[in-house]
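Undergrad: Fold the following.
(2 chains)
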Amino acid sequence: MRDVTLEVSGLAAAYDGTPALRDVTFTIERGTRVGVLGPNGGGKTTLFRVLLGELRPAAGAVALHGRCGTVPQTERSRLDYPVSAVDVALMGALPRLGWRRPGRAERRAALDALGTVGLGDMAHETFGDLSGGQRQRVLIARALVQEADVLLLDEPFSGLDDRSADRLLELIDDLAGEGRAVLVATHDMDQTRAWDRVLCLNVRQIAFGPPGVVLTREVLEQTYGGSIVVLPAEGRAPAPGVLPAHHHAHEH
Amino acid sequence: MPLGADLADLLLDPWRSGISARALLETLLIALAAGPLGCWVVLFGLSYGAESLAHAMFPGLVVAALAGLPLTLGAALGIAVAAPAVALAGRAPAIGGDTAIAVVVTSLVGLGGLLALAPESPAAVQDLLFGDVLGVSGAELALSAVLAAAVAVVLGGAHGRLLAVGFDRANAPAFGASPRAADVLLLLLVGAFTVVAVQALGALLVLAMLVGPAATARLVVHRMPAMMGLATALAALGGMGGIYLSYYADTAAGASIAAVIVALHLTTGAALQALKARPVTHLEAGG
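TA: Numbers count the residues shown, from 1 in each chain, chains lettered A, B, ... in the order given. The predicted model follows:
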């Protein structure tokens, strides 16, 4: 296989002996956009924690060819914190800086990354003063400073208005165009139709593959435990839609 | 100009007295350590724990005074007992961490009070509680200089990690910053600060210098380096203002310093409120 950046085989994970995820096997190439679907508690965040090395797999193996960067939900960061956008982006340089202070090169990289996400002119704004969509893009810039080859976006669309969501979708396309793999945990199944792969998790892996193959009613029922309703779509054939039960609850 | 000369005399008089000059130097050194460290204490929400630590070391101070040992040694002993007690109490599941810490601190302060009021106690209790910045020795000045330097070096080296942990604890490890290590580092520095500064400011007031200026700076500026700079300046201003107040009003130095620091905080808060209440004349950036 060419340009494989992430291989997961037979992965299982647990918290204090309680199984959270099992039977996860997939391979992702560079430049791939992957939608990660599943209910709350379905294992999306658990998978990301394993990929980041924060949680040791209970079984199976992860082979990462490159670096993994996280883009957490912005609600987890503090809005009353005395940092600018570029301060936050610079945090991406921490792992390679060690005890050194960031220098001109790191500052340059942080400003470039903010430019990439379309925030070049907001670099010196206070992070907490930015809109939700802008904060999300600052956190993406931080992962870019980290030189991440695989980006993990955890529910990046939650709380965004349509315009911010569209900008984020474009940015995800751009990042994949640069050869990065982008994994996006999301509740919005329709978004994932435009991407390259879909991974469905409900404590175990339900399915993985191109959206046209994976997004069947049967797979979605298994993924969301039958809480599927058919939403009437304007001018299109009715497509199965998913109503997540607890949209804002955090996963553990 | 007589007025100018009067003002100069007013400002310089305390410096001409050797005792006050030493006290001013001591408060400036403590301010140098308190400004940056206080900012992290405020941002990490460690004020209550730090305050508990400072109060709970009181019996250590009294024991040192009774035994004729250096106050710094007593403070270190007090912290060595108080820190594990406070840490353990914070985890007490039955009555809640805050309550348990309050019980431990009150018990230790009470114990210190009992010891201090014993007939054989030679020490003036108020010096231990409120400090005696005018009685600071050359060795203590040197210790304060070492503290200021150590705080600057350690916080400088750890700046990026502390910033990442304070920003988002849960995800800081993904950037090589350990929240637990950050907490331990800050508490060690707070412990060292308390031990060194207690001579000047006393067990009850030592935290005023640490938390007050940082809390004020946080109201005004929104970047970490600026906040640290302003907190240091405010701590120095509070320290100097307190010494002047004490020199001219003949009040206790430590208490005067705390009073000026609190006054600076209240004035700043009120001024900001007044500014906010004015009609907005420019559009807020956003979108």
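Undergrad: Residue 90: neighbouring residues, count only.
TA: Since no chain was named, I'll use chain A. Counted with other Cβ atoms under 10 Å in any protein chain shown, the neighbours of A:Leu90 add up to 25. For every residue, glycine as well, the C-beta is placed using N, CA and C.
Undergrad: try again with chain B
TA: The burial count for B:Gly90: 16, using other Cβ under 10 Å.
Undergrad: Check which helix or strand A:His153 maps to.
TA: Rather than His, residue A:153 is Leu. Using DSSP states H and E, A:Leu153 sits in strand A:150-154.
Undergrad: same check, this time on A:Ala61
TA: strand A:59-64.
Undergrad: Whatever helix or strand comes next after that strand and chain B in contact?
TA: On the C-terminal side of strand A:59-64, the nearest following helix or strand under DSSP H and E is strand A:68-71. Yes - Strand A:68-71 lies within reach of chain B by Cβ under 8 Å from any Cβ of the partner chain, at A:Gly69, A:Thr70.
Undergrad: Please name every helix or strand in contact with strand A:68-71.
TA: The elements that strand A:68-71 packs onto, with contact taken as 3 or more Cβ pairs under 8 Å, 6 or more residues apart in numbering or on different chains; DSSP states H and E, are helix A:132-145, strand A:150-154.
Undergrad: wait, doesn't A:Leu220 sit right on A:Thr192?
TA: No - the criterion here is Cβ atoms under 8 Å, and A:Leu220 misses it with A:Thr192 at 11.0 Å.
Undergrad: before we move on, back to that, elements contacting the strand holding A:Ala61?
TA: strand A:4-15, strand A:18-29, helix A:44-51.
Undergrad: let's go with 6 Å and repeat that
TA: strand A:4-15 (3 or more Cβ pairs under 6 Å, 6 or more residues apart in numbering or on different chains; DSSP states H and E).
Undergrad: how distant is the strand it packs on from the center of its chain?
TA: Offset of strand A:4-15 from its chain centre (Cα atoms, centre = their mean, to the nearest Å): 16 Å.
Undergrad: could you give the angle of it to helix A:44-51?
TA: Strand A:4-15 and helix A:44-51 are oriented at 110 degrees to each other (axes from the mean of the first three to the mean of the last three Cα atoms, to 10 degrees).
Undergrad: Note down every partner strand of strand A:4-15 and its orientation.
TA: Counting by DSSP bridges, the strands paired with strand A:4-15 are strand A:18-29 (antiparallel), strand A:59-64 (antiparallel).
Undergrad: most neighbours per residue, which of these?
TA: When you average the neighbours per residue for each of those (mean count of other Cβ atoms under 10 Å in any protein chain shown), strand A:18-29 leads with a mean of 17.
Undergrad: Can you tell me what sits against that one?
TA: Outside strand A:18-29, the residues that touch it by Cβ atoms under 6 Å, 6 or more residues apart in numbering or on different chains are A:3-14, A:43, A:46, A:181, A:204-205, A:208.
Undergrad: about what we covered before: quick one, the strand holding A:Ala61 and strand A:150-154 angle?
TA: Calculated by the same axes, to 10 degrees, strand A:59-64 forms an angle of 120 degrees with strand A:150-154.
Undergrad: what residues does strand A:59-64 touch?
TA: In contact with strand A:59-64 (Cβ under 6 Å, 6+ apart) are residues A:Leu6, A:Glu7, A:Val8, A:Ser9, A:Gly10, A:Leu11, A:Ala12.
Undergrad: Next, the contact list for the third one, please.
TA: The reference is to A:Val8. By Cβ under 6 Å, 6+ apart, the contact list for A:Val8 reads A:Val24, A:Phe26, A:Val62.
Undergrad: any idea how far the strand holding A:Leu153 is from the chain center?
TA: From the chain centre to the centre of strand A:150-154 is a distance of 3 Å (Cα atoms, centre = their mean).
Undergrad: Output it as PDB, restricted to C-alpha atoms.
TA: The C-alpha trace of strand A:150-154 is given here as PDB (Å, rounded to 0.1, in the frame of the first residue of the first chain):
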ATOM      1  CA  VAL A 150      -2.400  13.000  11.200                       C
ATOM      2  CA  LEU A 151      -4.900  15.500  12.600                       C
ATOM      3  CA  LEU A 152      -7.600  14.400  15.000                       C
ATOM      4  CA  LEU A 153     -10.500  16.900  15.200                       C
ATOM      5  CA  ASP A 154     -12.900  16.200  18.100                       C
END
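Undergrad: Count the neighbours of residue 215 for me.
TA: As the question left the chain open, I've gone with chain A. Other residues close to A:Leu215 by other Cβ under 10 Å number 22.
Undergrad: think we crossed wires, I meant chain B
TA: So B:Ala215, with other Cβ under 10 Å, has 20 neighbours.
Undergrad: you'd agree it is up against B:Leu43?
TA: No - at 10.3 Å, B:Ala215 does not count as touching B:Leu43 under the criterion of Cβ atoms under 6 Å.
Undergrad: Report the separation between the residue positioned nearest the centre of chain B and B:Val184.
TA: Centroid check for chain B by Cα atoms, centre = their mean gives B:Leu210 as the closest residue, at 2.6 Å. Distance of B:Leu210 to B:Val184, computed by Cβ to Cβ, to the nearest Å: 17 Å.
Undergrad: Ok, A:Glu29 next?
TA: A:Glu29 is 42 Å from B:Val184, by Cβ to Cβ.
Undergrad: same check, this time on B:Ala142
TA: Distance from B:Ala142 to B:Val184, by Cβ to Cβ: 27 Å.
Undergrad: give me the number of residues near A:Arg100?
TA: Based on other Cβ under 10 Å, the number of other residues close to A:Arg100 is 12.
Undergrad: Let's verify it: helix, strand, or coil?
TA: Under the three-state scheme (DSSP: H, G, I helix; E, B strand; the rest coil), A:Arg100 adopts coil.
Undergrad: what does chain A have sitting close to chain B?
TA: Contact residues (Cβ under 6 Å from any Cβ of the partner chain) of chain A with chain B: A:52, A:54, A:70, A:72, A:76-77, A:81-82, A:91, A:94-95, A:99, A:126.
Undergrad: So which of the residues you listed wins on neighbours?
TA: Highest neighbour count within the residues of chain A next to chain B: A:Met91, with 28 neighbours (other Cβ under 10 Å).
Undergrad: tell me the phi and psi of that one?
TA: phi -60, psi -20 (degrees, to the nearest 10).
Undergrad: any idea of the pLDDT on it?
TA: A:Met91 is assigned 95 on the pLDDT scale.
Undergrad: list the contacts for it?
TA: Shown in contact with A:Met91 (Cβ under 6 Å, 6+ apart): A:Arg142, B:Ala164, B:Phe175.
Undergrad: among those residues, who's most crowded?
TA: Neighbour counts for the contacts of A:Met91, by other Cβ under 10 Å, peak at A:Arg142, which reaches 32 neighbours.
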